[in-house]
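Novice: Got a sequence here, can you build the structure:
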Amino acid sequence: MTPRSMPLALAAWLAPALALAQSAAPGTTVTADTAPAVRPADAKPADAKAVAAKPVEAAPIQTVQVRGAASYDARRDDTASKTVIDAEEVRKYGDTNIYDVLKRAPGVTVTGNTLRMRGLGAGYTQILVNGDRPPPGFSLDTLTPDQIERIEIDKAASAEYSMQAIAGTINIVLRKLVVKPQRDARIAYNRTPQNRGVNLGGTYGERVGGLSYFLNGSAWAGSSEFTQTSADRMTDPNGVLTQARDARYAGEGPYRGLVLFPRLSWKVDDSNELNLSVGLQADSSSWRGASHNDVTLGSFGDPDWIDSANHSSNNHWMVRGEANWVAKIGGGKLDVTVSGERSRSRSDQFNDQTNIDATQEYTRDWDDVQHNSRLFARAKYSRSLFEGHSLGTGFEASRQDNDETRLRHERQTGLPDSDILEAFDPHVTRLAGYVQDEWNILPAWSMYLGGRWEGIQTDSAASGQTAGEADTVSRNHVLSPVLQTLYKLPGGKQQLRLALTRTFKAPSTDQLSARRYVAIENTRFTPDSGGNPALKPELANGLDLAYESFWAPGALLALSASHRDISSYIRTRLDQDADGRWLYQPFNDGDATVRSLQAELKLPLKLLFDAGNGVDLRASVTRNWSEVSTVPGPDNRLDAQTPESATFGIDYRKDRLSLGASLAYQQGGWVRISDAQSTRQQTRKDLDAYALWKLDDHFQLRLSLANILGMDNDSERSYADASGTSRQWSWQRGWMRTGLNLEMKL
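Specialist: Take a look at the predicted model:
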């Protein structure tokens, strides 16, 4: 420690003692604004015996206010910028899946089953479950809200987690610990005119001395229907219509599933704790549908398929085990986790197509079996070091093996039958190491410094008619430094944040594989797809700035801005191969820039007038910009980025009744993907509401409404080159969803 830093360290050490002494002075009122914030892990109970033994002197009566805000608050006290959605907020609207929960989160948008931060989706926004990437075959659809303890939304990356987080990280933390006995159950029913389903869930937990066990599970079943209309048009360079087709599709099918998450925690002694957990998941579904094309001008192939029928069945299971050991060693804490997963997915799909007079028929029948497995190990050691420093270091290692076999049988009138066996066997090895230091420079100023090295090797082996008969190896590694700092302005109610990060986006296994997926009807809008073993990661240098004001209990005003410079951008290009078939293939192609502005407000109305007691307002607005250097503008946004989003919510609580409503807005518009390709995103306004009535201490009834405005789903795509312009529209009817939940504490 340098002589210059000694006064700062001494001030940081003395500040809590001075604050405590000041709060003990006669006539002093202790509030959340004057009391120091203390993390729960650091809080120690008072010595009651010592207090009782101390002589009591006469003193004037003092007024002491105790507010919950004085305790540790991640949003307010963490050096890293983080928004935490707690369990109560997760379950508030009676949602059946994680996507409906997160569409109301500030700065997060949902497109289909893709979660987006800063308007950027798959690969740019990192999704974690308990701080780890979900295993192969795991679907977020299987996570029900009653399994979730909290959701952490990190706007800037930290070295402890993977730095594959250019847009940010969403970490879903599942329920684990048992503080007191838990016995609760939930019955939920949801329906629309086209979908209906029931969900049964429950939790059983007990604590006996240093041993606690916990079992959370849910089962679901239902059926869904889907209808879609679409249209294709093509004009020549002079604008003359040359092709026209309208299509209708309808399908339906049942689904069912089960998940169980048992966990055992054993506090061996004051220095050792052992946690064991298991995850079991099984689900299945089937589908049957048919489509019909009305060709009014030109032809869309030879032969031109008019009618199509398809049916499929899918089943999947996964088993996961985890052992975690936490020990106090060498004045610090060692946290070691070892886990393993194994899953199997099987699908049987059949497609039959005929031309207009049924003189030509084409059938494709394929059976697909996938076996996925992964082994994962992580170790973290943390301890206080010097004055005001908290040092953390660790490593991660994983091995993921995928084994997929597909048998495809094809038959077409006038041609011999063909049987094609394809095998795909990629292996992904990941290694990572990191070091980080959280430094409390002053009571009002903290800094986080970290660095992480990550290496990824992908070995891909494939065989079959379309695989290219080539084994490929891809090796990539990235060194990522990160700096974050938090400064609390005088008074403690306002604070400033700064973050400098280097993050990346690694190519997926499918992008690195030489395997080719062959489309039944090969067009500009339904091309074949293939990989590129030469892909390199996208690298991003980022800057984040934020201002936050906590001017009153429960109130918040937050303003933030961010900038990302991305190099080695991976763009999926659409071309025609030597045989004239349309093919999607990824390439590292140029650079990109991303910018975002966000404002968030939380306001209890009681701060404005007494009649507003029990009413809370919340709102957020996000504006995003991006440009891809190798794609001509305008609208050359990265990853079909959502340009603007907003949320507005109101909640009311009085006695046993709680009411609330939330509006999520997501701006659409045209996005230019390449010189020739463009797609139009839909503008959406999703209005949800809920009413919760606590019948007594053991039962409560929740009514929820989703998509109250009945927003339809529509999209449009365009491809323009020297031969003309092709356009395709699609539309699906939207319905309001009604849900009724009975929640019980047994």
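Novice: For residue 581, grab phi and psi.
Specialist: Residue 581 adopts backbone torsions of phi -90, psi 140, taken as degrees, to the nearest 10.
Novice: ok, now which ones touch residue 595?
Specialist: For residue 595, the contact set (CB atoms under 8 Å, 6 or more residues apart in numbering) comprises 561, 562, 563, 564, 624, 625, 626. (C-beta placed from N, C-alpha, C; glycine too.)
Novice: hang on, the fourth one packs against residue 542?
Specialist: The one in question is residue 564. Yes - between residue 564 and residue 542 there is a contact under CB atoms under 8 Å: 4.8 Å.
Novice: Need the residues touching each of those two.
Specialist: Common neighbours of residue 564 and residue 542 (CB under 8 Å, 6+ apart) are residue 166.
Novice: sorry, back to before: pull out the buried members of the contacts of residue 595.
Specialist: 562, 564, 624, 625, 626 (16 or more other CB atoms under 10 Å).
Novice: and which of these is nearest to residue 478?
Specialist: residue 564 (15.1 Å; CB to CB).
Novice: what about the closest one, which helix or strand?
Specialist: Using DSSP states H and E, residue 564 maps to strand 556-567.
Novice: May I have the strands that pair with that strand, each with its orientation?
Specialist: Using DSSP bridges, strand 556-567 pairs in its sheet with strand 538-549 (antiparallel), strand 592-604 (antiparallel).
Novice: Reformat those strands as JSON lines; add distance to residue 498.
Specialist: Listed next are the strands paired with strand 556-567 as JSON lines, based on distance: least, CB to CB, whole Å:
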{"stretch": "strand 538-549", "distance to residue 498": "6"}
{"stretch": "strand 592-604", "distance to residue 498": "15"}
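Novice: For residue 82, find the nearest of the ones you listed.
Specialist: Residue 82 lies closest, by CB to CB, to one member of the strands paired with strand 556-567: strand 538-549, at 11.0 Å.
Novice: Could you measure from the residue sitting nearest the centre point of the chain over to residue 108?
Specialist: Centroid-nearest residue in the chain, with CA atoms, centre = their mean: residue 127, separated by 4.1 Å. In this structure, residue 127 and residue 108 are 11 Å apart, going by CB to CB, to the nearest Å.
Novice: okay, and the common contacts of those two?
Specialist: Common neighbours of residue 127 and residue 108 (CB under 8 Å, 6+ apart) are 115, 170.
Novice: follow-up on the earlier one: the helix or strand just after the strand holding residue 564 vs strand 538-549, what angle?
Specialist: As assigned by DSSP H and E, the chain's next helix or strand after strand 556-567 is strand 570-576. Using axes from the mean of the first three to the mean of the last three CA atoms, to 10 degrees, the direction of strand 570-576 lies 130 degrees away from that of strand 538-549.
Novice: Flag every buried residue along strand 570-576.
Specialist: 570, 571, 573, 574.
Novice: Show residues contacting that strand.
Specialist: 505, 507, 511, 524, 527, 535, 538, 582-590, 628, 630-631, 673-674, 676-677, 719.
Novice: Can I get the buried part of those residues as one ChimeraX selection?
Specialist: Selection of buried members from the contacts of strand 570-576 for ChimeraX, criterion 16+ other CB under 10 Å:
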select :505,507,511,524,527,535,538,582,583,585,586,588,589,628,631,673,674,676,677,719
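Novice: In helices, which of the contacts of strand 570-576 appear?
Specialist: residue 511 (DSSP state H).
Novice: hang on, residue 158 is in a helix, isn't it?
Specialist: No - secondary structure of residue 158 (DSSP: H, G, I helix; E, B strand; the rest coil): coil, not part of a helix.
Novice: okay but it is in contact with residue 80, surely?
Specialist: Yes - the pair residue 158 / residue 80 is scored as a contact, 5.4 Å apart, by CB under 8 Å.
Novice: Looking at the two, which is more packed in?
Specialist: residue 158 (24 against 21; other CB atoms under 10 Å).
Novice: List the contacts of that one.
Specialist: By CB under 8 Å, 6+ apart, residue 158 lies in contact with 80, 436, 448, 450, 482, 484.
Novice: Then residue 513?
Specialist: Residue 513 neighbours (CB under 8 Å, 6+ apart): 424, 426, 460, 462, 472, 531, 533.
Novice: any idea how far the residue nearest to the fifth one when sequence neighbours are not counted lies from residue 288?
Specialist: Of all residues beyond its chain neighbours, the one nearest residue 472 is residue 533 (3.7 Å), with distances taken as CB to CB, 6 or more residues apart in numbering. In this structure, residue 533 and residue 288 are 38 Å apart, going by CB to CB.
Novice: The strand or helix carrying residue 263: what's the following helix or strand?
Specialist: Counting by DSSP H and E, the element that carries residue 263 is strand 241-267. Counting by DSSP H and E, the element after strand 241-267 in chain order, helix or strand, is strand 272-297.
Novice: and that next one, average pLDDT?
Specialist: For strand 272-297, mean pLDDT is 95.
Novice: bridging residues for residue 182?
Specialist: Where residue 182 sits in a bridge, its partners, by DSSP bridges, are residue 205.
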